[in-house]
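Following is a predicted model, sequence given first.
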Amino acid sequence: AARGRASHFNNSTPLETVLYAFMGVGAASIVAGCFVIGLAIWRRGRPDAPAGLRYGGAWGLMIGAVLTLVTAGILSSGTIAPAGHWVGGVRSDAGGLFLFGWSRTGGDLRVPHFFATHLMQAMPLLGLLLDRYLPGHIRGGLMIGGAAGILIVAGTFIQAATGNPFL
C-alpha cells in the first residue's frame, strides 16, 4: 500500500507474490500472538483486575483470534472466491458500502473477517460494561456476547459465501 500498489491478492509480479505471502505470515503471527496473550490472561490474569475486563479480554482475544485465522485462511485460499474477496456480483470495490467498501452486488468475504477480528475489542468492552452495570451477570453476559459474536461471524460468512451482499 505504501508503494501505491494493491497489497492483497496481488500476484502480478514475482515481487508482489512474495510480499503478499510475507504479509500473510506476518498477519497470522500477530493474530496467533493475540490468542497466546488471551490464554495468558485467562490463566494468569491479574486478580485485582475487574472480572468482566479480565474475562472479556481473554475470551475476546482467543475467540477473535481463532475466527480471524479461520476467515482469513478461507479468504486467502481462493477456495470460495479465487483471487479476491468477492463472491458473485461485480468484482470491484467501486460503489461499495460507505466507509467499508464491501460489495453491494454480491457476497464479500471481508465482512465475516471484520466481525471476527473485532471480537477482540468487542468482548473486553462488553466485559467493562458488565463490570459497571451488571456485575452479577459477568460470566453469563460474556457467554451470550461470545456466542452472539460467533453466530454473527458464521451468519455473515454463509451470507457472503452464497453470494449475497451484507446490505
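Great, that's in hand.

tell me what the helix or strand hosting Trp59 is packed against?
Taking DSSP states H and E as the definition, Trp59 sits inside helix 51-77. Counting contacts by 3 or more CB pairs under 8 Å, 6 or more residues apart in numbering; DSSP states H and E, helix 51-77 packs against helix 14-44, helix 110-133, helix 138-161. No exception for glycine: its C-beta is placed from N, CA and C like everyone else's.

any idea which of those helices scores lowest on pLDDT?
Mean pLDDT per stretch puts helix 14-44 lowest among these, at a mean of 93.

Just the buried positions in that helix, please.
By neighbour count on 16 or more other CB atoms under 10 Å, the buried set for helix 14-44 is Glu16, Tyr20, Ala28, Val31, Cys34, Phe35, Ile37, Gly38, Ile41.

Burial check on the residue lying closest to the last one once chain neighbours are set aside, number of neighbours?
Pointing back at Ile41 there. Among residues not flanking Ile41 along the chain, Ala58 sits closest, at 4.1 Å (CB to CB, 6 or more residues apart in numbering). For Ala58, the neighbour count with other CB atoms under 10 Å is 22.

Ala58 touches Leu39, doesn't it?
Yes: the criterion here is CB atoms under 8 Å, and Ala58 meets it with Leu39 at 7.3 Å.

Kindly check the end-to-end length of stretch 78-95 for me.
Start to finish, the residues bounding stretch 78-95 are 23 Å apart (CA to CA, to the nearest Å).

Using CSV, write out every CA atom in stretch 34-46.
Output of stretch 34-46 as CSV, limited to C-alpha atoms (Å, rounded to 0.1, in the frame of the first residue of the first chain):
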residue,chain,number,x,y,z
CYS,A,34,-3.3,-12.4,20.4
PHE,A,35,-4.5,-15.9,21.1
VAL,A,36,-1.5,-16.6,23.3
ILE,A,37,-2.0,-13.3,25.2
GLY,A,38,-5.7,-14.2,25.7
LEU,A,39,-4.7,-17.6,27.1
ALA,A,40,-2.2,-15.9,29.4
ILE,A,41,-4.8,-13.5,30.7
TRP,A,42,-7.2,-16.4,31.2
ARG,A,43,-4.7,-18.5,33.1
ARG,A,44,-2.7,-15.8,35.0
GLY,A,45,-4.7,-12.6,34.7
ARG,A,46,-4.3,-10.0,37.5
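
My guess is Phe166 contacts Gly106. True?
No: counting by CB under 8 Å, Gly106 is not a contact partner of Phe166; they are 10.3 Å apart.

if we can go back for a sec, check contacts around the residue nearest to Ile41.
Contact analysis of Ala58 by CB atoms under 8 Å, 6 or more residues apart in numbering lists Gly38, Leu39, Ile41, Trp42, Gly45.
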